[in-house]
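Enquirer: sequence first, predicted coordinates after that:
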Amino acid sequence: MHSLKTKLVLTISILIVVLFTLASGLFISEKQKELTNDIYVNARSFAELTAPNLANFYNLYLAEKSFVYFNREVQNTFQKFADLEGLQIINYNGEVLYDSATEKEKQYEGAPRLIQTQEFLAQIKAKNPSVLTQDGQTVYLKKQENGEFATVDVNEQPVKALAQDEKISYLVEPASNDMSVVYFISYKNLQDRVNATAMRGVLLGVFGVGIGILLAYLYASSITKPLKKLTEGAGILATGDFKHRVEVKTKDELATLADEFNKMAQELEISTKALVYKERVAKELELAAKIQKDILPKTIPQIAGLDISAGLLPAEEIGGDSYDFLKLSEDELLMYLGDVTGHGVPSGIVVSVANALIYNYASSTSIKDLLINVNRILKEKTSSNMFMTLVMLKWISSQGKLKYVSAGHEQMVHFHAAEKKVTLTPAGGIALGMLGDIARTLNENEIVMEKGDTLVIYSDGIPECWKNETEMYGMARLKRAVSEYSDLPSAFSLRNALLADVKEFAGKYKQMDDITLIVLKRT
């Protein structure tokens with residue numbers, strides 16, 4: 001195990017290295033830009049001053065075969081500008097009259113040396129100076145009235161100015177009426193200066209790390225002693241001696257920590273009692289969850305004309321969703337799916353009350369009357385902020401009819417097997433428990449289910465199932481899944497496929513709401 005001193009030393013050292021590295025990098029980058037621009041500006045001024053002289057020296061000496069005198073003047077020119085790598089003198093016919101790279105010892109003798117590109121020849125003939133950047137861009141420099149140079153093209157049309165850190169390969173300066181001088185630029189001295197600056201940064205960084213290690217060691221020592229006292233105190237508390245106190249007088253966060261430690265010792269006994277209480281509550285919640293689970297149907301009644309399956313995945317131990325099936329006779333089956341606001345104990349209680357009320361009023365003349373009666377009692381007996389959306393369905397096998405009433409619940413998904421399409425049932429109604437009388441908001445509807453058709457009833461936990469903080473399952477995916485899986489042979493296999501699709505979408509993201517669905521398949 002690494003000591004606190006070691007960790008502090010490493011952390012501060014790494015921090016100093018990172019800071020020095022960033023600062024040095026920024027400084028070197030800015031310095032490199034500044035030096036690059038200085039070389040360009042100096043080269044431009046130097047060329048403007050020396051080009052006429054070089055042309056004059058050429059006519060005076062080299063044209064008369066006096067190489068020694070001309071070469072002496074050229075060497076003087078090189079000594080005046082340390083970043084000058086080479087010189088060429090070229091006439092307007094494109095003939096290289098002098099090249100410092102090949103004429104170091106004696107004057108060139110041989111066939112005329114002609115430049116090969118029209119673009120370079122255009123630079124030689126131009127009345128304005130020009131440069132070729134290392135990126136291959138040719139830019140002409142037109143002198144303004146204020147003495148500054150504007151960047152233009154060969155036709156003197158404005159172009160984008162050179163960047164501060166733009167490096168040039170050469171500069172062409174008009175020298176006379178029939179020749180220009182080409183100055184080849186070197187950046188070797190610049191790189192040497194940058195390297196020297198970088199080395200100074202490294203040495204400064206090493207010094208900073210040394211200071212940091214020393215400070216970290218001294219600082220860690222002031223922390224470890226109080227921590228040792230706290231560690232010993234924790235060992236004493238572990239034996240059950242809750243009266244022990246730790247004394248720290250550093251007047252900083254460690255002293256605050258010691259005070260909190262002493263408060264912890266005082267409250268530990270109370271916390272122990274609270275833990276016992278928490279365990280008892282957890283046990284009672286576990287029992288409540290079992291009771292709620294027992295409310296759900298153990299088996300689904302069999303009835304002619306329908307293949308039925310259902311499932312519920314609670315978000316917590318006690319959920320707010322519920323479904324059930326009541327077989328009124330061999331010909332009629334009553335079923336519902338409800339969703340109480342939220343989840344947890346309050347929602348679970350409302351679910352239990354609603355379930356009992358539905359059983360009590362199951363013999364009502366119509367499912368609309370059933371929901372009216374259930375709503376009336378829920379409104380009276382539950383909190384004003386608790387309500388329940390619910391869809392009640394009634395299957396009459398002898399007539400092949402499926403009637404339903406929606407109390408503000410999600411639209412059901414209907415897969416039409418013959419047409420291979422998915423539709424949603426109309427929305428309607430208002431949630432149970434919101435108003436005292438909801439008779440006018442409820443409508444009894446009928447769904448025509450042909451052989452092979454599928455109807456999926458679900459809670460909002462499915463379309464509102466989250467994959468992350470911004471994306472949820474949604475109705476489009478649910479409709480797609482119903483359409484894709486409705487060819488499965490049974491309602492049970494379709495239910496499993498839909499639940500698996502939702503869970504696969506959510507991945508490991510926390511389930512935020514109960515997920516419930518009923519699948520009806522017309523046989």
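Expert: The structure has been received and is ready for your questions.
Enquirer: can you give me the helices for the protein?
Expert: 4-60, 67-80, 118-125, 188-238, 253-295, 345-360, 367-381, 474-485, 491-506 (DSSP state H).
Enquirer: buried set for the last one?
Expert: Along helix 491-506, these residues count as buried under the neighbour rule (16 or more other CB atoms under 10 Å): 491-492, 494-499, 501-502, 505-506. Just so you know, the C-beta spots here come from the backbone N, C-alpha and C atoms, and that holds for glycine as well.
Enquirer: could you export those residues as a markdown table, including distance to residue 375 and pLDDT?
Expert: Below are the buried residues of helix 491-506 laid out as a markdown table (distance: CB to CB, whole Å; pLDDT from 0 to 100):
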| residue | distance to residue 375 | pLDDT |
| --- | --- | --- |
| 491 | 29 | 97 |
| 492 | 32 | 97 |
| 494 | 32 | 97 |
| 495 | 29 | 96 |
| 496 | 34 | 96 |
| 497 | 35 | 97 |
| 498 | 30 | 97 |
| 499 | 30 | 96 |
| 501 | 34 | 96 |
| 502 | 30 | 96 |
| 505 | 34 | 96 |
| 506 | 33 | 95 |
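Enquirer: just the closest of those to residue 204, please.
Expert: Ranked by distance to residue 204 (CB to CB), the buried residues of helix 491-506 are led by residue 506 at 53.3 Å.
Enquirer: now the closest one: closest residue in space that isn't a chain neighbour?
Expert: Nearest residue to residue 506 in three dimensions, chain neighbours excluded: residue 465, at 5.3 Å (CB to CB, 6 or more residues apart in numbering).
Enquirer: same question, residue 268
Expert: Residue 268's closest residue in space is residue 242 (CB to CB, 6+ apart), at 5.4 Å.
Enquirer: so that neighbour makes contact with residue 265?
Expert: Yes: judged on CB atoms under 8 Å, residue 242 makes contact with residue 265 at a distance of 5.2 Å.
Enquirer: check contacts around residue 176.
Expert: Counting by CB atoms under 8 Å, 6 or more residues apart in numbering, residue 176 makes contact with 52, 55-56, 59.
Enquirer: take those residues and write them to TSV, including distance to residue 301 and pLDDT.
Expert: Below are the contacts of residue 176 laid out as TSV (distance: CB to CB, whole Å; pLDDT from 0 to 100):
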residue	distance to residue 301	pLDDT
52	110	96
55	110	95
56	115	95
59	116	94
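Enquirer: in this structure, what secondary structure element scores lowest on mean pLDDT?
Expert: When the helices and strands of the chain are scored by mean pLDDT, DSSP states H and E, helix 253-295 comes last with a mean of 73.
Enquirer: residue 242 and residue 265: which has the busier surroundings?
Expert: The residue with more neighbours, out of residue 242 and residue 265, is residue 265; 19 against 14, by other CB atoms under 10 Å.
Enquirer: how near is that one to residue 351?
Expert: From residue 265 over to residue 351 the distance is 44 Å, taken as CB to CB, to the nearest Å.
Enquirer: cool, and residue 95?
Expert: According to CB to CB, residue 95 and residue 351 sit 101 Å apart.
Enquirer: the two: who's more crowded?
Expert: Between residue 95 and residue 351, counting by other CB under 10 Å, residue 351 is the more crowded of the two (24 against 14).
Enquirer: that one and residue 293 touch, don't they?
Expert: No: assessed by CB under 8 Å, residue 351 is found out of contact with residue 293, at 11.2 Å.
Enquirer: how about residue 182, nearest residue that isn't a chain neighbour?
Expert: Excluding its sequence neighbours, the residue lying closest to residue 182 (CB to CB, 6+ apart) is residue 88, at 4.1 Å.
Enquirer: for the buried residues of helix 491-506, which one is nearest residue 520?
Expert: Closest approach to residue 520 among the buried residues of helix 491-506 (CB to CB): residue 491, at 6.7 Å.
Enquirer: quick one: the closest one from residue 64, how far?
Expert: Using CB to CB, residue 491 is found at 109 Å from residue 64.
Enquirer: same deal with residue 28?
Expert: Residue 28 is 49 Å from residue 64, by CB to CB.
Enquirer: neighbour count winner among those two?
Expert: residue 28 (16 against 11).
Enquirer: got the contact list for that one?
Expert: Residues counted as contacts of residue 28 (CB under 8 Å, 6+ apart) are 194, 197-198, 201.
Enquirer: same check on residue 108?
Expert: By CB under 8 Å, 6+ apart, the residues touching residue 108 are 98-99, 102.
Enquirer: again, 10 Å this time
Expert: Residues near residue 108 by CB atoms under 10 Å, 6 or more residues apart in numbering: 62, 67, 96-99, 102.
Enquirer: would JSON lines of these with pLDDT, distance to residue 470 and neighbour count be doable?
Expert: Output for those, formatted as JSON lines (pLDDT from 0 to 100; distance: CB to CB, whole Å; neighbours: other CB atoms under 10 Å):
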{"residue": "62", "pLDDT": "93", "distance to residue 470": "76", "neighbour count": "22"}
{"residue": "67", "pLDDT": "94", "distance to residue 470": "78", "neighbour count": "17"}
{"residue": "96", "pLDDT": "96", "distance to residue 470": "67", "neighbour count": "18"}
{"residue": "97", "pLDDT": "96", "distance to residue 470": "71", "neighbour count": "20"}
{"residue": "98", "pLDDT": "96", "distance to residue 470": "70", "neighbour count": "25"}
{"residue": "99", "pLDDT": "96", "distance to residue 470": "67", "neighbour count": "16"}
{"residue": "102", "pLDDT": "94", "distance to residue 470": "68", "neighbour count": "13"}
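Enquirer: can I get stretch 358-372 as CSV, trimmed to CA atoms?
Expert: Extracted in CSV, the C-alpha atoms of stretch 358-372 (Å, rounded to 0.1, in the frame of the first residue of the first chain):
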residue,chain,number,x,y,z
ILE,A,358,-62.7,-4.1,-9.3
TYR,A,359,-63.4,-7.5,-7.9
ASN,A,360,-66.3,-6.0,-5.9
TYR,A,361,-67.9,-4.3,-9.0
ALA,A,362,-67.0,-7.0,-11.5
SER,A,363,-70.7,-8.0,-11.9
SER,A,364,-71.7,-4.5,-13.0
THR,A,365,-73.9,-4.3,-16.1
SER,A,366,-71.1,-2.6,-18.1
ILE,A,367,-67.4,-2.0,-17.8
LYS,A,368,-68.1,1.7,-18.0
ASP,A,369,-70.3,1.5,-14.8
LEU,A,370,-67.6,-0.6,-13.2
LEU,A,371,-65.0,2.1,-13.7
ILE,A,372,-67.4,4.9,-12.6
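Enquirer: I'd like the distance from that stretch to the chain centre, please.
Expert: Relative to its chain's centre, stretch 358-372 lies at 52 Å (CA atoms, centre = their mean, to the nearest Å).
Enquirer: ok, and what's touching it?
Expert: 322, 324, 326-328, 334, 336, 338, 357, 373-374, 377, 390-394, 403-407, 429, 432, 437-439, 442-444.
Enquirer: inside strands: which ones of those?
Expert: The strands, defined by DSSP state E, take in 322, 324, 326-327, 334, 336, 338, 390-394, 403-407, 444 from the contacts of stretch 358-372.
Enquirer: how many other residues sit next to residue 136?
Expert: 7.
Enquirer: and it, how far is that from residue 168?
Expert: 11 Å.
Enquirer: one more: residue 491?
Expert: 79 Å.
Enquirer: just residue 494 next, same as before
Expert: Distance, residue 494 to residue 168, by CB to CB: 73 Å.
Enquirer: likewise residue 410?
Expert: Distance, residue 410 to residue 168, using CB to CB: 71 Å.
Enquirer: and the pLDDT at the residue sitting furthest away from the middle of the chain?
Expert: No residue in the chain sits farther from the centre than residue 64, which is 73.9 Å out by CA atoms, centre = their mean. You'll see residue 64 listed with a pLDDT of 91.
Enquirer: same check, this time on residue 449
Expert: Here, the pLDDT recorded for residue 449 equals 94.
Enquirer: all set, thanks.
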